[in-house]
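Novice: A structural model of the following input is requested.
(chains A, B and C)
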Amino acid sequence: MSAPVDTDWEHRVRRARRHGDALRLTRLLGRAAGVTAILLFTLFPVYFMIASAFSGRMTSGIGTLVPRDPTLDNFVHVLTEGDFGLYMRNSLAVAGITVVGACLLSLLAAVAVARFRFRLRTSVLVMILIVQMVPLEALVIPLFLQVRDLRLLNTVLGLGIAYIALSLPLAVWMMRGFVAAVPKEVEEAAYIDGASWPVMFWRVLFPLVAPGLVATAIFSFIIAWNEFVLALTFMQQSDKYTVAVGLRRFFGEYANEWGHVMAASTLITLPVMVFFVLVQRWLAAGLVQGAVKG
Amino acid sequence: MGTPVGQAVDGHGARQHRRAPTGPPGRGRRASALGLRRRRALLPWVLLAPALAVIAALLLFPLARIVWLSFREYRLRNLVSGESEFIGLANYVSLFTDSYLWRIALPNTVVFAAVAVVATVVLGTLVALLLSRLRPVTRVVVVSCVMVAWAMPAVSGTYVWLWIFDVDDGIVAQALMRLGVIGPEGYNWFADRLFFYAIVTLNVVHGGFPFVAVTVLAGLLTVPRELHEAALIDGAGAWKRFWHVTFPVLRPVFAVVTILSTIWDFKVFAQVYLMPGGGVGGSEMLNLGVWTYVSSFGQRDYGTGSAIAVVLTLLLLGVTAIYLRALFREDELR
Amino acid sequence: MARTRTRKYVPLPAAALALTLAATACTGGGGGGDADTLTVWIMQGTNPDESGFFDEANAAFTEETGIEVDVEFVPWDGAQEKISTAIAGGTTPDVIELGNTFVPGFADSGALHDLSGYGVDTSLYVPGLMDMGAVNEGVHGVPWYASIRSMVYRTDVFEEHDLEVPETWDELRETALAIEEAEPDMIALPVPGDAQYSVMPWIWGGGAEIAVQGADGTWVSEVDTPEARAGIEFFTGLALEDDTSTTGAVNWNEIKIMESFSEGDAAMALLGSANPKAIVENNPELEGALGSFPIPGRESGTYTPSFAGGSLLSVFEGTGNEEAAWSYVEHLTSEENMMLWAEQTGFFPGLLSGVDTFTASADPVLEAYAIQLNEASKGVPTAPAWSQVEAEQVLVGMQQAILNGTSVEEATTKAADDIERILNGG
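Specialist: Numbers count the residues shown, from 1 in each chain, chains lettered A, B, ... in the order given. Purely as a prediction, here's the structure:
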């Protein structure tokens, strides 16, 4: 790119840049203001939640803004009286089933649609895409009946399977982008070396699409951890509640105790947040694969 | 959108060609190649089978079942006994003649979704444009913060906004009282449909814009710098550059984020249901999604609930069909 | 050719998956007919902590029968929805506490076990409760406790400002205004929006019924009569015109009223008989500072009727444990356990013989409640569809609409229409 000869357009770009010296300061200030605004909007609710969670008995919102004497009382209450440890374990179990199921099934399906041309391929793709549009609320009644007929209500497995179904369409689409991005030549090289299809799949394709799997895993984890309606209808026993339903029960019981409710909210939010920030690199990659190459 | 036969044949041809060198030489090569070809034809279906089975059993079959339910009188009694009666279009007739649908539920769903989608996509894009102009280190920091908003589960997010807007002790109410904007008796925004949905919008945009921002940002970083500089030389302003350079390149990205935002915003549930009055049958705050839930599980009229669900599904399919045509007009499905 | 092949093979993995699901289902599904353990749902809300009572009662039951009892506490808030869902999903417990207004609806759906075969003597129980259980030509619940709502006030606040216990609506309003004036930081009398039993008294006090059944069996609601409107207008007027409530109370349910009282924010409140004890439990500083009076009548010398609520214990049909469940119901409704429960919670026993004994020995704070129960209490219409009126939250919707600015005429007309539509099976 860096040609020694100063072409006409490069010259003009430089001049334009020099010319912008005065503009640069205003732009910098503008950017700083923009960044501040974004951070305020995104972080304020989070900050307020955490600040409230650490406040003692509170009566006023403004008073909570800067907690005077931080205390862990709310968390202790939530974990002992509120059974939140149990709810978090339930949610983790459901999310585990969902993540494993969604990753496995979507990877296989993605290989099929990205690497093979077969009859009805387009129809299958469109069907998967359309299924994704179906509103979950519309499915609550029949899914509830279905899971009841399978005798899986009030079980972690029943909810997990339903979540696999929910996350599959998007997962297949995302994985498809990742698989398609692996050059065919890599596969062909493996074949030439005498590898069979399963060997090629496991040794060559799988490592290359691992980032996609991470992205898919995060997506399905979040679906499972955050989902509310199905958990509300499927889990009738309080010892089977997931965090979302547990939080609602908690709110019903301690309506005005915002400190408790916020401590519970913090507990279910923080793990996801930490997780999210740690893996954002793969997540962004997954989105681009899914969206751009989609 | 059927598959042209030629395409499948083409595919076979190409693959056969590729596989040819690895086939065993001599006698039986022909037969074996044929078997291989058969197996290759079967392989994609084997790979697809588990996913399709789950989708069929837990998404397609329930979808059929809800249509079936919507034509029946189905109450708690029927659920217990397992017997129900076919009542034709009665559920739909009573639904479409119910002014609640036209006055409350439909506007709440459609207008809210339109506003929320536009707000989410515009804000997300602006944030992405800003992020793309930051130095990498700053960008990583800001993106991490934006991620934090995204990671907030809908349920806990909703409770945080409820607390922020609490009528008596919330920080907004107290700040406005101190400023004298509202009197010491306070104001119950949850009772006002506009305020109620303004809070829902704030909540939904807060949780939804990071997805748009991160996706568009990722797309922006793939736009070649030369394109921008060329436009800059042509004297194009920022607005013009965005519409003539960035937008066309990122059109598929925008299509995807808009479709997904639309789907998500049409079916917000927890963000409405958990608000005061948001889960009460007959309150003017319900949208179609919450209404179907309240009708079925609150009022135990599963038939009517199913009819509402079918209407919501058709509405959503209609909207996405329009998007799909725009998105895939260039055959991008291949 | 390819097509026939795919047709032949595709269903196999699908079938395999279905089989796996079915197989895991058999091992995973709970329930079952062995009566080793009974699951019991007990409602939880504004009553004091009841786990101590159940620890003892269940231990005694286990010792006697060898059957373990697993009690789960279910918040009143959203309970109907949860019970309906459990019935729909076949995941019901064996025994359940049901609010008296819930029983006819659930009995009608066929979900409750008929207890008439066990020789329940219906004449032994508080009639207002028993009537709700003895529906559909059977007995679908045994009265457990009665609860009534009455006025609770802060004796210290009244003393400090020389206030007398009000005996008419006008005096009630004046007292509230005086408190508002003297203690601007307190809520003189919360007017909640999400508590239908706080609205009903004023309809009755104005001289109307919620609904009456005509000779032809049709229900006619009187909520939109001038009498009912006068009562509703009086109550909501306290909030809207006299500002003795707080704006946020529009979204308050009975739990929140109680909480605001225990936090020392409210000076008077319409509360259930189990609340005073729970309030002192929450905030011991209020010990000795609570008094009660029956809801005053419109005219002096009368009382405004209050909703006589309470709970029955019912057994679910089809759990396979009906026999054992019945013996548990029998255990909890024995005179001994009923009296123990009443003492610990402040609810009135469901056995007629227990009511007087309890009233004589109870906390003086409950005196006014006894008067309210004996002299000025009412139930809801005995139509099986009534629970639907509650499920659709018709009265809550009406009350919230009025508090949010809809006119009393408009809101009551809509409520009356809705009640008639539901009760007449529209």
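Novice: is C:G248 in contact with B:D168, as I believe?
Specialist: Yes - counting by Cβ atoms under 8 Å, B:D168 is a contact partner of C:G248 at 3.9 Å. Any C-beta I mention is one placed from the backbone N, CA and C, and that applies to glycine too.
Novice: more neighbours, these two?
Specialist: C:G248 (25 against 21; other Cβ atoms under 10 Å in any protein chain shown).
Novice: which neighbours do C:G248 and B:D168 share?
Specialist: B:G186 (Cβ atoms under 8 Å, 6 or more residues apart in numbering or on different chains).
Novice: low pLDDT regions in chain B?
Specialist: When residues are selected by pLDDT under 70, those of chain B lie in B:1-36, B:326-334.
Novice: tell me the pLDDT of C:R7.
Specialist: Predicted confidence (pLDDT) for C:R7: 34.
Novice: show me where the stretch 51-200 of chain B has its strands.
Specialist: Taking DSSP state E, counting those that start in this stretch as the test, the strands found in the stretch 51-200 of chain B are B:72-73, B:85-86.
Novice: columns mean neighbour count on top of those strands, output as a markdown table?
Specialist: Shown next, in a markdown table, are the strands of the stretch 51-200 of chain B (neighbours: other Cβ atoms under 10 Å in any protein chain shown):
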| stretch | mean neighbour count |
| --- | --- |
| strand B:72-73 | 17 |
| strand B:85-86 | 10 |
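Novice: to chain A, which of those lies closest?
Specialist: Nearest of those to chain A, taken as Cβ to the nearest Cβ: strand B:72-73 at 11.8 Å.
Novice: which positions in stretch C:39-59 come out as buried?
Specialist: Neighbour-count burial for stretch C:39-59, counted by 16 or more other Cβ atoms under 10 Å in any protein chain shown, picks out C:39-48, C:50, C:53-54, C:57-58.
Novice: before we move on, what about stretch C:171-187?
Specialist: Here stretch C:171-187 shows C:L172, C:R173, C:T175, C:A176, C:L177, C:A178, C:I179, C:E180, C:M186, C:I187 as buried, counting by 16+ other Cβ under 10 Å.
Novice: low pLDDT regions in the chain?
Specialist: Chain wasn't specified; assuming chain A. Checking chain A against pLDDT under 70 turns up A:1-10, A:12-21, A:57-59, A:255-256, A:281-294.
Novice: the intended chain is chain C.
Specialist: Using pLDDT under 70, chain C drops low at C:1-35, C:46-47, C:426.
Novice: and whichever residue of the stretch 101-250 of chain A sits closest to chain C, how far from A:A93?
Specialist: Nearest residue of the stretch 101-250 of chain A to chain C: A:R151, at 3.3 Å (Cβ to the nearest Cβ). Distance, A:R151 to A:A93, using Cβ to Cβ, to the nearest Å: 18 Å.
Novice: okay, these two: which has more neighbours?
Specialist: Higher neighbour count among A:R151 and A:A93: A:R151, with 21 against 17, using other Cβ under 10 Å.
Novice: pretty sure that one sits in a strand.
Specialist: No - per DSSP: H, G, I helix; E, B strand; the rest coil, A:R151 lies outside any strand segment and is coil.
Novice: just to revisit the earlier point, of the strands of the stretch 51-200 of chain B, which is nearest C:V69?
Specialist: strand B:72-73 (38.2 Å; Cβ to Cβ).
Novice: give me the helices and strands touching the closest one, please.
Specialist: Where contact means 3 or more Cβ pairs under 8 Å, 6 or more residues apart in numbering or on different chains; DSSP states H and E, strand B:72-73 is packed against strand B:85-86.
Novice: tell me the strands beside the strand it packs on, with direction?
Specialist: strand B:72-73 (antiparallel) (DSSP bridges).
Novice: who's in contact with the partner strand?
Specialist: Taking Cβ under 8 Å, 6+ apart as the rule, strand B:72-73 contacts B:N78, B:S84, B:E85, B:F86, B:I87, B:A90, B:N91, B:G303.
Novice: please redo it, this time with the cut-off set to 6 Å
Specialist: When contacts are defined by Cβ atoms under 6 Å, 6 or more residues apart in numbering or on different chains, strand B:72-73 is touched by residues B:S84, B:E85, B:F86, B:I87, B:G303.
Novice: how far is it from where the chain is centred?
Specialist: Here strand B:72-73 is found 30 Å from its chain centre; the criterion is Cα atoms, centre = their mean, to the nearest Å.
Novice: likewise for stretch A:77-95?
Specialist: So, by Cα atoms, centre = their mean, the centroid of stretch A:77-95 is 20 Å from its chain's centroid.
Novice: can that stretch be found next to chain B?
Specialist: No - applying Cβ under 6 Å from any Cβ of the partner chain, one finds stretch A:77-95 out of contact with chain B, separated by at least 9.9 Å.
Novice: got the buried residues for that stretch?
Specialist: A:77-79, A:82-84, A:86-88, A:90-95.
Novice: give me the three-state assignment for the spatially most central residue of chain A.
Specialist: Central residue of chain A (Cα atoms, centre = their mean): A:F219, 3.6 Å from the mean position. Assigned with three-state DSSP, A:F219 falls in the helix class.
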